[in-house]
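# need coordinates for the below:
(one chain, ligands or ions: 2)
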Amino acid sequence: MTGLYVHIPFCKRKCFYCDFISFNYDERKADDYIKALFKESRKYKKEKISTVYIGGGTPSMLSADQLQHLIDGIKKHFDITEIEEFTVELNPESASAEKLKILYNNKISRISFGLQSSNDEELKILGRLHTYNEFLNAYAAARNTGFDNISIDLMYGIETQSAESWQKTLDTVLKLNPDHISLYPLTIEKYTPFYNQNKKVDYDLQSIMYNAACEKLKDSVFTHYEISNWAKDGKFSKHNILYWKNKEYIGLGASASSYYKRQRYKNILNADIYIKNLQCGQSCVIESENIDDSLYKTETIMLGLRLSEGVDLSLFNHKQQTLYKYLKQDLLVIREGKVCLTEKGFWVSNSIISDFM
Ligand SMILES: C[S@@+](CC[C@H](N)C(=O)[O-])C[C@H]1O[C@@H](n2cnc3c(N)ncnc32)[C@H](O)[C@@H]1O
Ligand code: SF4
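Ligands and ions are numbered 1, 2, ... in the order given. Predicted coordinates for the structure are as follows:
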């Protein structure tokens, strides 16, 4: 079985920090885009799917009818009879009660809200279109609809955000009793408004904020199962775990990546060209790479180290020197035959992981 990611490249407006591929929503273009997704789906010939993740962009920008049509198409083009998890990303300002009902009635099992902060000033700085109160209404509507697996994304290191205000966002959100939270350090991505304004992040403060979050969540109902992710028992993101365990997935849509039949490939970034290519029966893939055994091993280490459960020690045969360097520094540890990042190692994981390349 394989995972399925569907990219919806539409947003109402671009947030100032975001470099994910998305364009202004337009109803006709979104209709054409969904048709193109179905054309792309045909090449997978009813592949059996274990998890589906509809992300973006902003999937909740689609109209209620478009969401229904999209889900019908996924059911038609793939075999989801044994699906284990079906996630849809939602933005608070566009997650209406009608759309939530459609998702729930179609057995979407998990939703993920992008909140970022409970502080309206910080939301404004990020260029978000919702207030905390609007998020609260959407969250309550989702619970009232019946969703019992809700994740919330938060960001730390926002300009003007102090360690205290970060703690306040965490406390406020934890009181809502979400099932899963993702905590991301703000990064300044190329060609975003923040980048163009030459904004910088304070890494030391971000490190303090990350450690404070780890500390707060240590004795809670949440398990820190991945560098940036915490969840209640049974509520770990099955789809994302599939990425980190280096399992196969199909990515549909503009800019989507796939790892399928030992090949990694990436789709064209521009939604208009993606639609046009599929309308003309042309390929939408812009780059691809064969994954041989040696690359597979390296990738399995690099992805798997993100998970707190770690990676089989046997995969490190050719990386012994690097492994011992980090074991000595207490950044990696061996637990029950698996190599794992320590809490201290989580924060500097990027440099450790890239050292295994
Ligand atoms: C690709 S976004 C899509 C989700 C949804 N459209 C939203 O805005 O909430 C997924 C998450 O990535 C995180 N993210 C995006 N850009 C980021 C950046 N530059 N730095 C840190 N986190 C970022 C945000 O927390 C966001 O909720
Ligand atoms: S963070 Fe979400 S809403 Fe904002 S621009 Fe990126 S994808 Fe769109």
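
# and ligand 1, is the helix or strand harbouring residue 206 touching that?
Element membership of residue 206 [criterion: DSSP states H and E] is helix 203-218. No: Helix 203-218 lies apart from ligand 1 when judged by C-beta under 6 Å from any ligand atom; the minimum separation is 10.2 Å. Where C-beta positions appear, they are placed from N, C-alpha and C, glycine not excepted.

# quick one: the helices in the stretch 201-350 of the chain?
Counting by DSSP state H, counting those that start in this stretch, one finds helices in the stretch 201-350 of the chain at the ranges 203-218, 238-244, 271-279, 293-304, 320-328, 343-347, 349-355.

# counting by contacts, list what the second one packs against.
This means helix 238-244. If you count contacts as 3 or more C-beta pairs under 8 Å, 6 or more residues apart in numbering; DSSP states H and E, helix 238-244 packs onto strand 2-8, strand 49-56, strand 85-90, strand 223-226, helix 293-304.

# now do the longest one, average pLDDT.
Pointing back at helix 293-304 there. Helix 293-304 comes out with an average pLDDT of 95.

# could you check the angle that helix makes with helix 320-328?
10 degrees (axes from the mean of the first three to the mean of the last three C-alpha atoms, to 10 degrees).

# for the second one, same thing?
Between strand 49-56 and helix 320-328, the angle comes out at 70 degrees (the same axes, to 10 degrees).

# so what strands line up beside strand 49-56?
Strand 49-56 has the following strand partners under DSSP bridges: strand 2-8 (parallel), strand 85-90 (parallel).

# between the ones you listed, which one is closest to residue 356.
Nearest of the strands paired with strand 49-56 to residue 356, taken as C-beta to C-beta: strand 2-8 at 23.6 Å.

# C-alpha coordinates for that closest one, PDB please?
Provided in PDB are the C-alpha atoms of strand 2-8 (Å, rounded to 0.1, in the frame of the first residue of the first chain):
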ATOM      1  CA  THR A   2       1.100   3.500  -0.600                       C
ATOM      2  CA  GLY A   3       0.400   7.000   0.700                       C
ATOM      3  CA  LEU A   4      -1.300   9.700  -1.300                       C
ATOM      4  CA  TYR A   5      -0.600  13.400  -1.100                       C
ATOM      5  CA  VAL A   6      -2.900  15.900  -3.000                       C
ATOM      6  CA  HIS A   7      -1.600  19.400  -3.300                       C
ATOM      7  CA  ILE A   8      -4.200  22.300  -3.500                       C
END
